[in-house]
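Visitor: Structure of the sequence below:
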Amino acid sequence: MRKTPELVLLGMLAVASLLVQACVTRSGSTAGDESMAQGERIDEPMIRHIPPQDLAVTTSRTKPSMRAELSARNATGLPQGTLRDVLFDFDRATLREDALPVLEANARRLMDQGVTRLLLEGRGDEIGTAAYNIVLGERRARSVKSYLQELGLSAQLKTTSYGKDRPLCFSRSEDCMQRNRSVHFVVKE
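Guide: All right, here's what the predicted structure looks like:
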């Protein structure tokens with residue numbers, strides 16, 4: 001059978017069509033995906049919430065000997081209680097309604113103190129993988145940074161994420177895990 005230019009062209013079009021289809025399938029849909037808009041992609045499956053009675057299933061990656069050192073590192077740089085942490089819902093990086101007054105009060109205190117450099121530390125609870133919680137903590141810190149900038153805070157704002165590797169609270173209770181689903185403020189002078 002002799003190949004005509006039309007058959008060769010038709011074959012090339014079929015191969016190109018298959019390649020385009022494979023690329024679309026591999027990359028997934030980005031419609032309405034907040035994380036893709038920020039250039040991030042979490043390739044891990046959604047994590048499930050472990051009810052409080054099953055907390056023994058989780059394992060803390062922080063040894064008791066490191067807890068005192070972590071507590072010292074978690075200091076804000078201002079007198080205790082001056083700045084409050086911003087809390088987030090399980091597996092979410094969007095600001096909660098109760099977080100907005102906290103952010104507004106923190107922004108006023110930071111402006112009154114004349115703070116010029118601030119580190120926003122995003123965290124996650126101990127549910128899920130370390131990689132997933134690192135990305136989630138970074139998204140949380142960026143949400144807080146964006147809102148503080150909207151409020152007019154002119155300090156130099158940096159973000160970081162500790163995921164579940166540097167918790168603020170060490171017990172295995174729902175209240176403690178909620179405290180770790182947060183963004184913590186650290187003044188850098």
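Visitor: all contacts plus neighbour counts: C-alpha atoms, from now on.
Guide: OK.
Visitor: Strands of the chain, start to end?
Guide: In chain order, the chain shows strands spanning 86-87, 117-123, 156-163, 182-187, with DSSP state E as the criterion.
Visitor: With mean pLDDT as new columns, can these be given to me in a markdown table?
Guide: Below are the strands of the chain laid out as a markdown table (pLDDT from 0 to 100):
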| stretch | mean pLDDT |
| --- | --- |
| strand 86-87 | 95 |
| strand 117-123 | 94 |
| strand 156-163 | 94 |
| strand 182-187 | 92 |
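Visitor: Switch those over to CSV, and while doing so, append distance to Glu6 and mean neighbour count to every line.
Guide: Shown next, in CSV, are these (distance: least, Cα to Cα, whole Å; neighbours: other Cα atoms under 10 Å):
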stretch, distance to Glu6, mean neighbour count
strand 86-87, 63, 24
strand 117-123, 58, 24
strand 156-163, 57, 20
strand 182-187, 62, 24
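Visitor: Which one of these lies nearest to Leu103?
Guide: Closest approach to Leu103 among the strands of the chain (Cα to Cα): strand 86-87, 7.1 Å.
Visitor: quick one: contacts of that closest one?
Guide: With Cα atoms under 8 Å, 6 or more residues apart in numbering as the test, strand 86-87 has contacts from 96, 99, 102-103, 144, 178-184.
Visitor: which stretch among the strands of the chain comes nearest Leu13?
Guide: Checking those against Leu13 by Cα to Cα gives strand 156-163 as the closest, at 46.2 Å.
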